[in-house]
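Q: Output the structure for:
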Amino acid sequence: MARETVNGTAMSKSRIAYEWIKARIADGTFSPGYRLVLGQLAQEQGVSVVPVREAIRLLEAEGLVTFERHVGAQVAMVDESEYQHTMQTLALVEGYAAALAAPHLAPGSLDRARALNADLAGCLGHFEPARFTALNRDFHAVLFDACPNPQVLDLVRRGWDRLGGLRTSTFSFVPGRARQSVAEHEQILGLLDAGAPASDVERAVRAHRLATLDAFLAHRHP
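A: From the prediction side, this is the model:
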């Protein structure tokens, strides 16, 4: 591994390993619950296990990594109650935002949403949670970005940002949910295409969001 610098100062191997692992936690490559095998990580970075072990300790001190006996180091799991509260709130405000936005969607918006959903469907064969999650956010943004109420729109964006801060994707835990999500997207697009009443659009988007939460909770509490 080449020695890197920050502001002209050489970074230690442990710091480089720390930044490398942290970036992969942030972008979802290493999802919550992912086992951090020291030897494997060291091999990927071209270093010994010593700097990787030090990096893991730093990440553990930050709460990004946990260590369990007989399991080892793994990416910290999401705070279940915070995730649940965020998803419940987002179900309410995003459903309403999508309903308000429907009459204001720009020409071509539904075509773009369909193209994104086709990309999501294309991810199902060789599933990558991080890519699916990014495309999923783009899909939803097409539907709510035209919301004419700036305060409602701000609440929706804050909800999505909070989910990103939780470093989680239900699709990482329950990949089967991804296929259902794509199908529900098509149902929502069908409603918008048909000019369905705003209340129908709101209910469909809300149910879609809550179904994702239900999948997460069912996985955590089988």
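
Q: Spell out, range by range, the strands that occur in this protein.
A: Shown for the chain, the strands assigned by DSSP state E span residues 5-6, 9-10, 65-68, 72-75.

Q: What's the per-residue pLDDT of residue 134 here?
A: In this prediction, residue 134 carries a pLDDT score of 88.

Q: contacting residues for it?
A: With contact taken as Cβ atoms under 8 Å, 6 or more residues apart in numbering, residue 134 is in contact with no other residue. (C-beta placed from N, C-alpha, C; glycine too.)

Q: Please repeat the previous calculation with a cut-off of 10 Å.
A: When contacts are counted by Cβ atoms under 10 Å, 6 or more residues apart in numbering, residue 134 is found next to 27, 28, 128, 164, 169.

Q: Could you report the neighbour count for the nearest residue to the first one once chain neighbours are set aside?
A: By that I understand residue 27. The shortest distance from residue 27 to any residue other than its chain neighbours is 5.7 Å, reached at residue 130 (Cβ to Cβ, 6 or more residues apart in numbering). When neighbours are defined as other Cβ atoms under 10 Å, residue 130 has 17 of them.

Q: repeat for residue 156
A: Here the count is done by other Cβ under 10 Å, and residue 156 has 25 residues near it.

Q: ok, now the one 4 residues further on?
A: By the measure other Cβ under 10 Å, the count of residues near residue 160 is 16.

Q: follow-up on the earlier one: pull up the gap between the residue nearest to residue 27 and residue 77, please.
A: Separation of residue 130 from residue 77 (Cβ to Cβ, to the nearest Å): 17 Å.

Q: Output stretch 60-73 as PDB - backbone C-alpha positions only.
A: In PDB, the C-alpha atoms belonging to stretch 60-73 read as follows (Å, rounded to 0.1, in the frame of the first residue of the first chain):
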ATOM      1  CA  GLU A  60     -14.900   0.700  17.600                       C
ATOM      2  CA  ALA A  61     -14.200   3.700  19.800                       C
ATOM      3  CA  GLU A  62     -16.300   5.800  17.400                       C
ATOM      4  CA  GLY A  63     -19.200   3.300  17.600                       C
ATOM      5  CA  LEU A  64     -19.000   2.300  14.000                       C
ATOM      6  CA  VAL A  65     -17.700  -1.200  14.800                       C
ATOM      7  CA  THR A  66     -18.500  -3.600  17.500                       C
ATOM      8  CA  PHE A  67     -16.600  -6.700  18.800                       C
ATOM      9  CA  GLU A  68     -18.400  -9.800  20.000                       C
ATOM     10  CA  ARG A  69     -16.800 -12.900  21.500                       C
ATOM     11  CA  HIS A  70     -16.800 -15.800  19.200                       C
ATOM     12  CA  VAL A  71     -17.900 -13.500  16.300                       C
ATOM     13  CA  GLY A  72     -15.200 -10.900  16.100                       C
ATOM     14  CA  ALA A  73     -15.400  -7.400  14.700                       C
END
